[in-house]
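Q: One predicted model, sequence on top.
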Amino acid sequence: MPDTLQQYRETEMDEDGIFRALVQRQKSGKLKLYIEGSEELEDFFQTEETEQSSQWKSGDSYHDYYLRQYERNGESDLAEYFSDKHDKFGSDYVQSGKINVGLLRTVGLSEGVVFQIPETYSEETLKESVESLKTVIEEIYEEFIRPMNVTTQISIQEF
């Protein structure tokens, strides 16, 4: 019998797609979460510095993640937007009903990443949390990625 998660990973995300996810309970009872975002989304979270998670795994290896490009409770629009979000890479996947948006800072998000989920979460909880993650991604696009400021510089020189 083919592995649904593997088949899903092998299919291409729609050309206009910005995010897709799949929650799978395996025969062993383990839960896995697959998420994939557009290159534009990964570029948005990308920083020069990365670290390796000590908790979030895929198979036998731990995920690398981009460090935040904003200070918690900082003065920027980005810090303000994320101030009420659960954004701590490697901590609980779901906390107080909110999915950890730190998932979006995973290196390789645009190629798709798989997370092993502790069995303490029900499939329903994960489905609801992925739905809320989708909402966060849509808001990020509307607030920070799609709208662009264009700066033009005009220079006048004597000949």
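A: Right, received. Where do you want to start?

Q: can we go C-alpha only for contacts and neighbour counts from here?
A: OK.

Q: how near is Lys32 to Ser96?
A: Note on Lys32: its distance to Ser96, by C-alpha to C-alpha, to the nearest Å, is 20 Å.

Q: Gln24 now?
A: Distance of Gln24 to Ser96, given as C-alpha to C-alpha: 22 Å.

Q: ok, these two, which is more surrounded?
A: More crowded of Gln24 and Ser96, by other C-alpha atoms under 10 Å: Gln24, with 19 against 7.

Q: avg pLDDT for the helix or strand hosting the more buried one?
A: According to DSSP states H and E, Gln24 maps onto strand 19-25. Strand 19-25 carries an average pLDDT of 85.

Q: who does it touch, helix- and strand-wise?
A: In terms of contacts (3 or more C-alpha pairs under 8 Å, 6 or more residues apart in numbering; DSSP states H and E), strand 19-25 is packed against helix 4-10, strand 31-37, helix 123-140.

Q: List of residues touching the first one?
A: Same thing as helix 4-10. Leu22, Gln24, Tyr34, Gly112 (C-alpha atoms under 8 Å, 6 or more residues apart in numbering).

Q: Quickly list what the first one is bridged to.
A: Listed beta-bridge partners, Leu22: Tyr34 (assigned using DSSP bridges).

Q: That one reaches Glu36, doesn't it?
A: No - using C-alpha atoms under 8 Å, Leu22 makes no contact with Glu36, being 9.3 Å away.

Q: The two: which is more packed in?
A: Neighbour tally, Leu22 and Glu36, criterion other C-alpha under 10 Å: the higher count belongs to Glu36, 24 against 17.

Q: ok, the most centrally placed residue in the chain to Phe115 distance?
A: In the chain, the residue lying closest to the centroid (C-alpha atoms, centre = their mean) is Leu104, at 1.7 Å. Leu104 is 12 Å from Phe115, where distance means C-alpha to C-alpha.

Q: Report the contact partners of Met13.
A: With contact taken as C-alpha under 8 Å, 6+ apart, Met13 is in contact with Phe19, Arg20.
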